[in-house]
Structures are given as structure tokens and as C-alpha cells.
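Q: coords below, sequence missing:
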Ligand code: C2E
Ligand code: CA
Ligand code: CA
Ligand code: CA
């Protein structure tokens with residue numbers, strides 16, 4: 001039911017209230033979902049562009065609420081960041097990803113040969129000590145740190161460079177790989193790239209989508225690739241939706257690709273099926 005409003009200012013007020021109420025409802029539901037461990041992770045392969053071989057999977061949070069509504073991660077991650085729920089959500093994601101990988105290894109009969117990539121939000125990095133959380137997840141599963149990639153965004157570096165540098169070095173000391181997510185969309189200067197232990201630049205999907213028909217996008221992608229190469233970093237292109245894009249990116253020297261051409265984010269079992277040894281019929 002809609003409130004009848006006359007003035008402009010009143011319209012805004014009503015809308016703000018509706019948005020605030022909706023956010024509060026979402027926050028309450030999300031808090032419960034985290035407590036009850038009703039979030040899930042979906043896993044999307046990241047492939048070597050030259051060979052097509054799966055090298056890792058990115059773990060992406062999924063939430064279907066009590067009413068069966070599947071919320072967009074962009075929406076509920078934003079609510080989690082505003083409410084502080086990103087701290088328990090982020091810890092859960094690290095623990096859940098580690099448990100999944102340990103399960104895959106035991107099904108495989110040894111290390112299954114892929115890494116898992118987990119997203120770390122800037123707010124989470126500000127508010128929580130991540131390295132001890134990762135260390136505890138490694139200890140409880142027996143996995144080595146080199147089985148994990150942690151994806152950070154530039155906004156983390158802008159907000160508190162010294163703190164983030166400390167966290168990044170602590171994560172490297174555990175053996176993990178560090179990737180700069182959504183590269184090219186942040187507002188920071190590039191000086192941090194030489195100071196911080198970054199292994200991989202993830203080229204944001206906005207530069208990759210439509211790249212074959214847009215010379216400016218190709219120029220940006222080329223520039224990122226040569227920057228990464230000069231700094232000794234690897235590169236992952238997001239949003240690889242077609243074989244033609246995969247071929248082009250490989251020819252340009254991009255290391256890895258991720259996108260619907262390879263697979264959409266999958267349930268853990270379906271993801272494992274992509275790397276499981278072939279079974280005899
Ligand atoms: P992201 O880290 O940039 O993740 C990649 C997003 O691109 C995912 O969206 C994925 O489903 C989507 N994607 C992958 N391949 C393609 C493609 O070929 N075409 C198109 N159009 N899209 C593709 P998703 O799962 O909706 O997640 C959105 C964002 O939510 C993520 O963007 C990430 O920033 C955030 N997020 C998801 N899970 C977590 C989490 O556990 N922790 C944190 N901090 N953030 C998360
Ligand atoms: Ca990511
Ligand atoms: Ca990304
Ligand atoms: Ca992105």
C-alpha cells in the first residue's frame with residue numbers, strides 16, 4: 001500500500017523511510033541467516049587462458065531468505081558492510097571455503113590441484129584482523145596457505161594504507177596469493193602497486209565486456225596487462241563470456257580468465273565435478 005503524498009519533500013521522506021525500513025528488515029534477516037549458517041558459497045572457475053585448465057575457483061556468497069527470495073550479493077554485501085555484519089559474514093566465508101576445499105581434497109585422495117579465492121571487503125579489513133582468521137582456518141583443516149587467494153579492492157588501500165599493508169604482509173607470510181579485485185575502477189593512485197605484495201590484478205568486467213567492439217577498452221586492457229607484466233604480476237580477466245574473448249585475451253598475454261564462457265558460479269558439488277578424476281562407468 002502506498003502513502004498518498006502531495007509535496008516533493010514529503011515524497012522523499014516517505015521513500016527514505018521505506019528504504020530505511022526495508023534495509024532494517026534485510027539486516028535483521030541477514031543477521032539470523034549468518035547465525036544459523038544459512039548462507040552458501042557458490043564457486044566459479046578461474047582458468048588458465050592458454051590451456052583452459054581450471055586453476056582456482058572464486059567463492060561467491062549466496063543468500064536465499066526465509067521467503068525463498070535469492071538476494072543479489074551486491075545488495076546484501078552492502079547491507080553487511082553498513083551494519084558491521086560483514087565481519088561475521090567474512091569470517092564465515094573463509095571458514096566455509098576452507099572446509100569445502102578440504103572436502104574436495106579428501107574426495108580427490110590428495111590435494112585436488114586448485115586454489116580457492118575468497119573476497120575480502122574493505123570494511124571487513126578495517127574492522128577485523130583477517131590473518132589470524134585465515135591462519136585458524138588453515139590449522140583446523142590442515143590446508144596450506146598456498147591453496148588460497150584473497151581478493152581485495154583498491155578501496156581497502158585508500159581507507160587505511162598502513163593497516164592494510166600489515167594485513168597483506170601477514171597474509172603473504174601464511175603463503176596465500178593476493179589479488180587486486182576490480183582493478184581499474186578504484187580512485188587510488190598507482191604508487192601502492194609497487195609497495196604492496198600483490199600477485200594478481202583482476203581486470204574489472206566493465207573493461208572486458210564489449211571489448212571486441214571497442215578500441216578504447218582494448219587499450220585499457222592492454223595498458224593494465226603491460227603494467228602487470230612490468231611489475232611481475234599475473235592477470236585475471238573477469239567477464240569472459242565467449243570463446244572469442246578468451247582467445248583474444250590469451251593473445252594479448254592475459255594469464256587467467258573467469259566468466260560465463262567457462263562456467264557460472266556453481267554449487268560446491270558441481271564445481272568439484274569439473275575437476276574430479278574421471279570415474280569408470
Ligand atoms: P566480484 O568479486 O567482482 O565477483 C564477480 C562477479 O561477477 C560475481 O557476481 C559473478 O557471478 C559475476 N560474473 C562472473 N562471470 C561473469 C560473466 O561472464 N558475466 C557477468 N555479467 N557476470 C559475471 P556476484 O556473485 O553477483 O557477486 C557480486 C559481488 O559481490 C562480487 O563481485 C563481490 O564484490 C561481492 N561478493 C560476493 N561474495 C562475497 C563475499 O563472500 N565477501 C565479500 N566481501 N564480497 C562478496
Ligand atoms: Ca572478487
Ligand atoms: Ca571482481
Ligand atoms: Ca567486478
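A: Cool, the structure landed. Small disclaimer: the values here were computed from a predicted structure and weren't measured. Numbering: from 1, shown residues only. Ligands and ions are numbered 1, 2, ... in the order given.

Q: Only C-alpha atoms from now on, for both contacts and neighbour counts.
A: Fine.

Q: Quick one: list the elements packing against the helix or strand where residue 63 lies.
A: Element membership for residue 63, per DSSP states H and E: strand 54-64. For strand 54-64, the elements it packs on are strand 40-48, strand 70-71, helix 73-83, helix 86-108, strand 115-119, judged by 3 or more Cα pairs under 8 Å, 6 or more residues apart in numbering; DSSP states H and E.

Q: In CSV, list these along with mean pLDDT, mean neighbour count and distance to ligand 1.
A: Listed next are the helices and strands packed on strand 54-64 as CSV, based on pLDDT from 0 to 100; neighbours: other Cα atoms under 10 Å; distance: least, Cα to the nearest ligand atom, whole Å:
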stretch, mean pLDDT, mean neighbour count, distance to ligand 1
strand 40-48, 98, 23, 7
strand 70-71, 94, 12, 9
helix 73-83, 96, 16, 4
helix 86-108, 98, 20, 5
strand 115-119, 98, 23, 5
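
Q: Save these as a markdown table, and put in distance to residue 153 too.
A: As requested, these are exported to a markdown table (distance: least, Cα to Cα, whole Å):
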| stretch | distance to residue 153 |
| --- | --- |
| strand 40-48 | 18 |
| strand 70-71 | 22 |
| helix 73-83 | 14 |
| helix 86-108 | 14 |
| strand 115-119 | 9 |
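
Q: hmm, back to that, wondering if the strand holding residue 63 reaches ligand 3 at all.
A: No: on the criterion Cα under 5 Å from the ion, strand 54-64 is out of touch with ligand 3, staying 9.6 Å away.

Q: in the sheet, who's paired with the residue nearest the centre of the chain?
A: Centroid check for the chain by Cα atoms, centre = their mean gives residue 119 as the closest residue, at 3.7 Å. Beta-bridge partners recorded for residue 119 (DSSP bridges): residue 151.

Q: so where's the stretch 151-281 of the chain uncertain?
A: 279-281 (pLDDT under 70).

Q: And the strands in it?
A: 177-183, 200-203, 234-237, 256-257 (DSSP state E, counting those that start in this stretch).

Q: Please identify the deepest-packed of those strands.
A: strand 256-257 (a mean of 28; mean count of other Cα atoms under 10 Å).

Q: and for it, what are the contacting residues?
A: 46-49, 234-240, 246 (Cα atoms under 8 Å, 6 or more residues apart in numbering).

Q: 7 Å instead?
A: 46-49, 235-238, 240, 246 (Cα atoms under 7 Å, 6 or more residues apart in numbering).

Q: For residue 162, which of the strands of the stretch 151-281 of the chain is the nearest?
A: Residue 162 sits nearest to strand 177-183 of all the strands of the stretch 151-281 of the chain, at 16.5 Å, using Cα to Cα.
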